[in-house]
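A structural model of the following input is requested.
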Amino acid sequence: MTIRFAAIGINHNHIFGQVDALLGAGGEFVAFHAPEDDLAGPFQTRYPQAKRVSDPRAILDDPSIRLVTSAGIPADRAPLGIAVMRAGKDYLSDKPGMTSLEQLAEVRRVQAETGRIYSICYSEHFQTRSTIKAGELVQAGAIGKVINTVGLGPHRLNAKTRPDWFFKRARYGGVLTDIASHQFEQFLFFAGTLDVEVASAAVANRGNPETPELQDFGEALLRSPDATGYIRIDWFTPDGLPTWGDGRLTILGTEGYIELRKYVDPTGQPGTDHLILVDQKGLQRIDCSGVELPFGRQLVADVLERTETAMTQEHCFKAMELALTAQAMAEATAGRRA
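Predicted structure coming up:
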């Protein structure tokens, strides 16, 4: 048994990973809505089985469609998700799943009222084999009790290829809301608690004065009863790096640490998903190439069985609550300094 699903909004390339995860779990991709012809053409070429529809109501009003996925413009994702849930369907959004605390509050309210799933694909966790493996190691006690994480999320700007909305604060939500939501979610996961607060946060435009609403640097410090986490994200990946960003995560435990070089190893090791484990016995590099990515399979099962195996609803929302809180804190601080 599987599900029929559709897509509304394909403005970010993350939509391909979301669709592929659902297809890999046996989902049937039946329709999509995208008003932009330049995006819809290549998308339909890749997924010819999905019918392009001119009106999203054709998807929302189809009772056979169980789930809608989206990587639309960030500010539009929460309103769409609310419409999807009110139509009696479950929803999978790209991160960020919302761009303001007000949107989050409304999403929480409608989700509680409808009982539908509002899921967010935090791809640097759920679609990265080394992160999945690190979770298995931590849960097995490989490094003892987690006491600190350092999550780094550098990205290449590629300014000339970006659409106008990318540079509008109200549309993309701010740098901590957007790309740092990955790191907030990973801290929750590895710290193993939702009892987390933002201790400090900052955002800035350090090197792109021609686009003043772009925040090209952000950082935050998180605190739980037993752990702390530092996050740094930026749009300064140099052209010399052979991929879009050198995403890293270090997880410090009482008995060792794990370091992930998710997308590239600048020291020369080929491939992606580099995991290094250092414990009381020594140092080892662990091959993650065969690690399953279970998110799609688990989410489809959750849709069918009304469970929370891919991610609990509260975990999903708490990661965005932290990102949005940090964003507001950082902008308030910047405003006082202006």
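
quick one: low-confidence parts of the stretch 51-200 of the chain?
Scanning the stretch 51-200 of the chain for pLDDT under 70 picks out no residues.

Tell me where it has helices.
For the stretch 51-200 of the chain, applying DSSP state H, counting those that start in this stretch gives helices covering 57-60, 74-86, 101-114, 123-126, 129-139, 169-172, 175-178, 181-191.

From the contact counts, what lies against the longest one?
Secondary structure elements in contact with helix 101-114, counted by 3 or more Cβ pairs under 8 Å, 6 or more residues apart in numbering; DSSP states H and E, are helix 74-86, helix 313-337. Heads up, the C-betas are built off the backbone N, CA and C, glycines and all.

6 Å instead?
helix 74-86 (3 or more Cβ pairs under 6 Å, 6 or more residues apart in numbering; DSSP states H and E).

If we go by neighbour counts, what in the helix it packs on is buried?
Neighbour-count burial for helix 74-86, counted by 16 or more other Cβ atoms under 10 Å, picks out Pro74, Ala75, Asp76, Arg77, Ala78, Leu80, Gly81, Ile82, Ala83, Val84, Met85.

surely the second one meets Thr99?
Yes. Taking Cβ atoms under 6 Å as the definition, Ala75 is a contact partner of Thr99 at 4.7 Å.

Distance to Gly24 added to the helices of the stretch 51-200 of the chain, as a markdown table?
Listed next are the helices of the stretch 51-200 of the chain as a markdown table, based on distance: least, Cβ to Cβ, whole Å:
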| stretch | distance to Gly24 |
| --- | --- |
| helix 57-60 | 21 |
| helix 74-86 | 22 |
| helix 101-114 | 26 |
| helix 123-126 | 12 |
| helix 129-139 | 14 |
| helix 169-172 | 29 |
| helix 175-178 | 26 |
| helix 181-191 | 21 |
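
So which of those helices is nearest Gly207?
Minimum separation from Gly207 across the helices of the stretch 51-200 of the chain (Cβ to Cβ) falls at helix 175-178, 12.9 Å.

Which residues outside the closest one are in contact with it?
Pro96, Thr99, Tyr172, Val203, Gln215, Gly218, Ala323, Leu324, Ala326, Gln327 (Cβ atoms under 6 Å, 6 or more residues apart in numbering).

Could you identify which of these has the most neighbours?
Using other Cβ atoms under 10 Å as the neighbour criterion, Ala323 leads the contacts of helix 175-178 with 34 neighbours.

how close does that residue sit to Lys95?
9 Å (Cβ to Cβ, to the nearest Å).

shared neighbours, these two?
Ser181.

Surely Leu260 and Ser130 touch.
Yes. Counting by Cβ under 6 Å, Leu260 does reach Ser130; the two are 4.7 Å apart.

shared neighbours of the two, anything?
Leu275.

Looking at the helices of the stretch 51-200 of the chain, which is nearest to Gln313?
Of the helices of the stretch 51-200 of the chain, nearest to Gln313 by Cβ to Cβ is helix 101-114, at 6.7 Å.

Could you tell me the angle between that closest one and helix 74-86?
Relative orientation of helix 101-114 and helix 74-86, computed by axes from the mean of the first three to the mean of the last three Cα atoms, to 10 degrees: 10 degrees.

Residues in contact with helix 101-114: which ones?
Residues contacting helix 101-114 (Cβ under 6 Å, 6+ apart): Ala78, Ile82, Met85, Met98, Tyr118, Met320, Leu324.

tell me the contacts of the first one?
The contact partners of Ala78, taken as Cβ under 6 Å, 6+ apart, are Met98, Gln103, Val107.

now that we have these, which one has the most neighbours?
Counting neighbours by other Cβ under 10 Å, the top entry in those is Met98, with 31 neighbours.

residues contacting it?
Ala78, Leu104, Val107, Met320.

and these as a markdown table, adding distance to Asp226?
Compiled in a markdown table, these are given as follows (distance: Cβ to Cβ, whole Å):
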| residue | distance to Asp226 |
| --- | --- |
| Ala78 | 32 |
| Leu104 | 26 |
| Val107 | 29 |
| Met320 | 23 |
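
Go through those and name the one nearest Asn148.
Nearest to Asn148 among the contacts of Met98, counting by Cβ to Cβ, is Met320 at 22.4 Å.

Rebuild the contacts of helix 175-178 as CSV, extending it with distance to Phe236.
Below are the contacts of helix 175-178 laid out as CSV (distance: Cβ to Cβ, whole Å):
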residue, distance to Phe236
Pro96, 20
Thr99, 23
Tyr172, 17
Val203, 14
Gln215, 12
Gly218, 12
Ala323, 20
Leu324, 24
Ala326, 19
Gln327, 19
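
Nearest to Leu241, out of the residues you listed: which one, please.
Minimum separation from Leu241 among the contacts of helix 175-178 (Cβ to Cβ) is found for Gly218, which lies at 19.5 Å.

Remind me which helix or strand the closest one belongs to.
strand 217-223 (DSSP states H and E).

Just checking: what are the partner strands of the helix or strand just after that strand?
Per DSSP H and E, the first helix or strand lying C-terminal to strand 217-223 is strand 228-234. The pairing partners recorded for strand 228-234 under DSSP bridges are strand 146-154 (parallel), strand 217-223 (antiparallel).

what distance separates the first one from the middle of the whole chain?
Which is strand 146-154. Once both centres are worked out by Cα atoms, centre = their mean, to the nearest Å, strand 146-154 turns out to sit 15 Å from its chain's centre.
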